[in-house]
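1. could you work out the structure for the sequence below:
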Amino acid sequence: MLIFTRLLGLALMLGGISGLANQIRITTSGYMINAPAVFLCALGVLMLVYGGESIQNWAWGIIAFGIILTLAKGGIVIVSTTLMTFLICFLAMACGYKLLTRGKL
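-> As a prediction, this is how the structure comes out:
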């Protein structure tokens, strides 16, 4: 029964994430224009994985700067969503997380 609740929690989390991810549109305007943002995000992930504890704050800052750079260039467009859709997706993610980690609500 525990494995069923954990799988249900994983399914709820993935459903909530996919519900919110449907509201994000990614546009491409050329590889060379988006290359710095991709490089910054990849560098930040590498720093998180292979860096030590003291470098993690810098890595998160570099990833955030890469995402902000992509948003500023118009590469990611967030489509408007209703409050009810957001609440349902967030509730599914929260309940899924609790089921996945604790096995109960």
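2. what helices or strands is the worst-scoring helix or strand of the chain on mean pLDDT leaning on?
-> None of the helices or strands of the chain scores lower by mean pLDDT, DSSP states H and E than strand 76-78, at a mean of 73. Under the contact criterion of 3 or more CB pairs under 8 Å, 6 or more residues apart in numbering; DSSP states H and E, strand 76-78 touches strand 24-26. Just so you know, the C-beta spots here come from the backbone N, C-alpha and C atoms, and that holds for glycine as well.
3. what lies in contact with the strand it packs on?
-> If you take CB atoms under 8 Å, 6 or more residues apart in numbering as the criterion, strand 24-26 is touched by Gly75, Ile76, Val77, Ile78, Val79.
4. of the residues you listed, which is the nearest to Gly61?
-> Among these, Ile76 lies closest to Gly61 (CB to CB), at 18.7 Å.
5. related to what we said a few turns ago, adjacent strands (with direction) for the least confident helix or strand of the chain?
-> Strand 76-78 has these partner strands in its sheet, going by DSSP bridges: strand 24-26 (antiparallel).
6. what's the mean pLDDT across the partner strand?
-> For strand 24-26, mean pLDDT rounds to 76.
7. buried residues, it. List them.
-> In terms of neighbour count (16 or more other CB atoms under 10 Å), strand 24-26 has no buried residues at all.
8. for the helix or strand just after that strand, list the C-alpha coordinates in PDB.
-> Using DSSP states H and E, the helix or strand that directly follows strand 24-26 along the chain is helix 31-50. These are the backbone C-alpha positions of helix 31-50, laid out as PDB (Å, rounded to 0.1, in the frame of the first residue of the first chain):
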ATOM      1  CA  TYR A  31      20.700  29.900 -31.400                       C
ATOM      2  CA  MET A  32      23.400  32.600 -31.000                       C
ATOM      3  CA  ILE A  33      21.000  35.000 -29.400                       C
ATOM      4  CA  ASN A  34      20.100  32.600 -26.600                       C
ATOM      5  CA  ALA A  35      23.600  31.100 -26.200                       C
ATOM      6  CA  PRO A  36      24.700  33.300 -23.200                       C
ATOM      7  CA  ALA A  37      21.600  32.400 -21.200                       C
ATOM      8  CA  VAL A  38      22.000  28.700 -21.900                       C
ATOM      9  CA  PHE A  39      25.700  28.900 -21.000                       C
ATOM     10  CA  LEU A  40      24.900  30.600 -17.700                       C
ATOM     11  CA  CYS A  41      22.200  28.100 -16.800                       C
ATOM     12  CA  ALA A  42      24.500  25.100 -17.700                       C
ATOM     13  CA  LEU A  43      27.400  26.700 -15.700                       C
ATOM     14  CA  GLY A  44      25.200  27.200 -12.700                       C
ATOM     15  CA  VAL A  45      24.000  23.500 -12.800                       C
ATOM     16  CA  LEU A  46      27.600  22.300 -13.100                       C
ATOM     17  CA  MET A  47      28.600  24.500 -10.200                       C
ATOM     18  CA  LEU A  48      25.700  23.000  -8.100                       C
ATOM     19  CA  VAL A  49      26.600  19.400  -9.000                       C
ATOM     20  CA  TYR A  50      30.400  19.600  -8.800                       C
END
